[in-house]
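> Here is my input; please provide its structure:
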Amino acid sequence: MKVVHVCKSFYPNIGGEEKYIYQLAKEQIKSGLDVTVLTRGSKEYEVKDGIKIHRVDSGNKPVLRLLKSIFLMKEKLKEIEADVYHAHDWNNALICDFARKEFVTTVHGYGFLDEFWLTRWIAEATLSGSKRLIVNHKFLVDKYKRYNPKYIHAGISLEEYPYKKIKKNNI
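Alright, predicted model coming up:
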């Protein structure tokens, strides 16, 4: 089975979403899946820990970067055949939608429905096209209840982060 993760940023960039997708992709590879990540960046293609990483270079100017990356990622996504397209957040769901792919979406962070009205309208339209909405924080379940979200906690690897304060029963 082939899975494609569509995200705004990925390894070697450091952040919560980047780490989440990287750990998820590594576990999917361990379970025998073929995993590809489509993201933004200057290095066009690489393989890291078995993860195929395609990057599109969208430039440096913020507004143009967003529009250019949506177009370039949509075109690249059309070339990549997969069984599952996994969009991370609404802007990447929009890319999957434009590429006419069936997709699932994971909302990371606090969410976007309280932001600018145009962003909210686009995000809500895009989420309506998602086959499944996944949230990784409990408070987002209520926020997105109209989309019947599935809560999957954002766990961490205790081998990679062996903090002494983490109790066994914590996730």
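> Following the chain onward from the lowest-mean-pLDDT helix or strand in the chain, which element is next?
In the chain, the helix or strand scored least confidently by mean pLDDT, DSSP states H and E is helix 117-129, which has a mean of 80. Downstream of helix 117-129, the next assigned helix or strand under DSSP states H and E is strand 132-135.
> I'd like to know how many residues surround the residue nearest to R132 when sequence neighbours are not counted.
Excluding its sequence neighbours, the residue lying closest to R132 (C-beta to C-beta, 6 or more residues apart in numbering) is V104, at 4.3 Å. From N, CA and C alone the C-beta is placed, and that goes for glycine too. V104 is flanked by 17 other residues according to other C-beta atoms under 10 Å.
> Name all residues that make contact with V104.
Shown in contact with V104 (C-beta atoms under 8 Å, 6 or more residues apart in numbering): V84, Y85, H86, A87, S130, K131, R132, L133, I134.
> any idea how far it lies from L67?
25 Å (C-beta to C-beta, to the nearest Å).
> before we move on, what about N136?
Taking C-beta to C-beta, one finds N136 at 28 Å from L67.
> higher neighbour count, the two?
N136 (19 against 12).
> quick one: pLDDT of the nearest residue to that one once chain neighbours are set aside?
Leaving aside its sequence neighbours, N136 sits nearest to A154 (C-beta to C-beta, 6+ apart; 4.0 Å). We have a pLDDT of 73 for A154.
> elements contacting the longest helix seen in the chain?
Assignment by DSSP state H gives helix 62-79 as the longest helix of the chain. Contacts defined by 3 or more C-beta pairs under 8 Å, 6 or more residues apart in numbering; DSSP states H and E place helix 62-79 against strand 2-6, strand 34-40, strand 51-56, helix 90-98.
> and the ones you listed, which one is worst for confidence?
helix 90-98 (a mean of 90).
> which helices and strands sit right next to it?
strand 2-6, helix 62-79, strand 84-88, strand 104-107, helix 117-129.
> at 6 Å what do you get?
strand 2-6, helix 62-79, strand 84-88, helix 117-129 (3 or more C-beta pairs under 6 Å, 6 or more residues apart in numbering; DSSP states H and E).
> quick one on the thing from earlier: can you tell me how far the residue nearest to R132 sits from T126?
From V104 to T126 the distance is 12 Å (C-beta to C-beta).
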